[in-house]
Each structure stands twice: as structure tokens, then as C-alpha cells.
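A.B. asks: Give me coordinates for this.
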Amino acid sequence: MHTHNAPPPSAQYIRRHTNRRHVCNLITRNSASASAASCPNDFPAARFARDAVAAGRAPAGGDPRTHFVDDEDSRSLFAGYAGAARRLRTQLKNQGIVVDRDYRLVVSLPCGVGGGPSGVTYGLKQEFGDAVLCVFVEPVEVPAMTFGVRSGLHSDICVQDIGLTGRTAGDGLAVARPSWFVGERVGGLVDGFATVDDDVMRAGVSLLTHTEGVSVEPSATAGLTIPWRIARAVKAGKLPTDLDAPTTTHLVWLTGGSMVPDEEMVQYFTDGAALTHAFTTEAELL
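C.D. replies: Got it, this is the predicted structure:
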């Protein structure tokens, strides 16, 4: 995991992805190499989502009776996500969990185009200030928000620009180009970025169903191993010790799954059950 206040690497583009399951290599600004054109070889899910947004945005713009909620550029949607932080404060209080400068809160959030986790992050920072740390988690082949924020290019770069495929089993996170709106406004509030393998997300579906009775789609489980990975990084001296202190609360944010058809959810569970080793290895739970 990379923390946001760490200086970015000096390489213009990094194509080497050593141990990508744990660390997503970062890039710096290179406007000559980045392009705002459509990403080549878009994953079908990402292409469909982009086309759907464009198809909805165009007619809504010319109809005064229509309000289009644009997940790439919507202040109202952003504000709605931010409201979740107030609810979380109440939930934590009801459970007796204190969040302040001595009792830190680390929140791991799945990230696709960036609107949802950015809105939540903004709200959390308003509620808890520096007592909360927010980590955005993306698939190893689609770290769009990571590259957009860390390069400063935001929506002017897509993952295919650096040789990634944009393919992932977490179709809710299959977004090759991040939102320009949230990247420029909230990027500085993100405390860390991490990537996760598809097999780990698939395994997470099965483990959550088996242990907690919670059914979600693969993309929702992106942040499940982050608390253990942070603990490992603290032990290795790569992150501050207070991130793994007994006074620190780790919270993993789950996203979609309630609208997945039953037969698909059964398949998610079956596929994930065969991949449990990927999750336990990632979190070092063996």
C-alpha cells in the first residue's frame, strides 16, 4: 500500500508490476504520454458503463424536466455518499467505539470511478478530521483512481496507457479512467492506495457468506485484507506503528450485492470457495 503523503516515484511510466497483489506501482505526471482519448482495449463492463452514462447524460441535458444523476460528475450524488459518514458516527457511538487523535479509525474502501469512496472520504474527514485514515482499494489491473491522483492527470489518463488490461472480476470496479470531478477535489484527502487480486475478491465473497451470512459481489470485498496488510507493513517498518496499535479501529467498507440474481450469487460463492487459499495467503491467516 502507498500512503498519499509519500513522494511519488521518479519514473514517467512504470510497467514493472512486481508483487502487484500487495503494492500498486505509481506514476508521475507525463502529459505528453497521456491522452484523453478513449482507452484502447476497454473491458466490456467498463465500456458498457461509460456508454450508458453518455447515453443518459445527452438527452437529460436538453430536457428541463429531467435530472440525470451522473456518477462521474454529480455534486448531489457526492453529497449523498458523504452523508454516510454521519450515520457511521452514530453506529460507532452506539457500539462504544471512540474515534479521536488517540483512537484512530482506518477505513478501507473499494474504488471504481471514484465517486462513492471519495464522497464517503469527504464525509469522514468532516466528521473525524485527522483521526480517520481512508484507503482506496482497486483491482490490480484497474487502479484508475490511483494513477489519476498520483500522477495529477486525473481523467486524462487511463490504465491502458501504462499497459494494464483493465480486466477484473470485480465488474463494479472495472473503470479504466477515473472521475475528473472527485479526483481533483478529493484526491488530497485520500491517505493511501492499495490494489487487490481478483482471486482474493472472489474468495472474499465465499468467506463473508460462510462466516457472516453476508452476500456481496466480488468488487464489494476489495478491502477485506487491508487490515492485515497494514499490520504486515507496520511490522516491516513501512508504515507508522499507530496504524496497528490496539487503540486503532479498522473498518472495511462493503458495497454492492443486494441486486445480484440468486443463481449468480450461488456461482460467486462456489467460485470463491475454491479460492480461499488466495485470501488466507493475502491476509497471512494460515
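
A.B. asks: What are the phi and psi values at the spatially most central residue of the chain?
C.D. replies: With the centre of the chain defined as its mean C-alpha position, the nearest residue by Cα atoms, centre = their mean is Cys111, 2.3 Å away. Taking degrees, to the nearest 10, you get phi -130, psi 130 for the backbone angles of Cys111.

A.B. asks: tell me, how many neighbours does the nearest residue in space to it that is not next to it in sequence end up with?
C.D. replies: In space, Cys111 comes closest to Phe136 once its chain neighbours are excluded; the distance is 4.1 Å by Cβ to Cβ, 6 or more residues apart in numbering. Where C-beta positions appear, they are placed from N, C-alpha and C, glycine not excepted. Here the number of neighbours of Phe136 (other Cβ atoms under 10 Å) works out to 29.

A.B. asks: next one: Thr249
C.D. replies: As a burial measure, the neighbour count of Thr249 was computed by other Cβ under 10 Å and equals 16.

A.B. asks: Could you measure from Tyr81 over to Pro178?
C.D. replies: Tyr81 sits 15 Å away from Pro178 when distances are taken as Cβ to Cβ, to the nearest Å.

A.B. asks: And for stretch 273-286, what's in contact with it?
C.D. replies: The contact list for stretch 273-286 (Cβ atoms under 8 Å, 6 or more residues apart in numbering) reads 21, 196-197, 199-200, 202-204, 206-207, 210, 224-225, 228-229, 232.

A.B. asks: out of these, who's nearest Leu251?
C.D. replies: For these, the minimum distance to Leu251 (Cβ to Cβ) is 11.4 Å, reached by Leu224.

A.B. asks: what helix or strand is the nearest residue to that closest one once chain neighbours are set aside on?
C.D. replies: In space, Leu224 comes closest to Gly204 once its chain neighbours are excluded; the distance is 4.7 Å by Cβ to Cβ, 6+ apart. In this assignment (DSSP states H and E), Gly204 forms part of helix 198-212.

A.B. asks: what about stretch 78-97, start to end distance?
C.D. replies: According to Cα to Cα, to the nearest Å, stretch 78-97 extends 26 Å from its N-terminal end residue to its C-terminal end residue.

A.B. asks: Thr270 - how many residues pack around it?
C.D. replies: Here the number of neighbours of Thr270 (other Cβ under 10 Å) works out to 12.

A.B. asks: Can you name the residues that contact it?
C.D. replies: Taking Cβ under 8 Å, 6+ apart as the criterion, Thr270 is in contact with Ser206.

A.B. asks: Please identify which helix or strand holds it.
C.D. replies: Using DSSP H and E, Thr270 maps to helix 262-273.

A.B. asks: Could you check the angle that helix makes with helix 198-212?
C.D. replies: 110 degrees (axes from the mean of the first three to the mean of the last three Cα atoms, to 10 degrees).

A.B. asks: Can you give me the buried ones in the very next helix or strand once past helix 262-273?
C.D. replies: Using DSSP H and E, the helix or strand that follows helix 262-273 towards the C-terminus is helix 276-283. Residues Thr276, Ala278, Phe279, Thr280, Thr281, Glu282, Ala283 are the ones in helix 276-283 that count as buried (16 or more other Cβ atoms under 10 Å).

A.B. asks: What is the nearest of the residues you listed to Ala85?
C.D. replies: Of all the buried residues of helix 276-283, Ala85 sits closest to Ala283, with 26.2 Å by Cβ to Cβ.

A.B. asks: hang on, the earlier thing: average pLDDT across the helix holding Gly204?
C.D. replies: Predicted confidence along helix 198-212 averages 92 (mean pLDDT).

A.B. asks: Show me which residues of that helix are buried.
C.D. replies: Those would be Asp198, Asp199, Val200, Met201, Arg202, Ala203, Gly204, Val205, Ser206, Leu207, Leu208, Thr209, for helix 198-212 by 16+ other Cβ under 10 Å.

A.B. asks: Next, format these as CSV and append distance to Trp253.
C.D. replies: Conversion of the buried residues of helix 198-212 to CSV gives the following (distance: Cβ to Cβ, whole Å):
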residue, distance to Trp253
Asp198, 19
Asp199, 21
Val200, 16
Met201, 14
Arg202, 18
Ala203, 18
Gly204, 13
Val205, 16
Ser206, 19
Leu207, 16
Leu208, 13
Thr209, 18
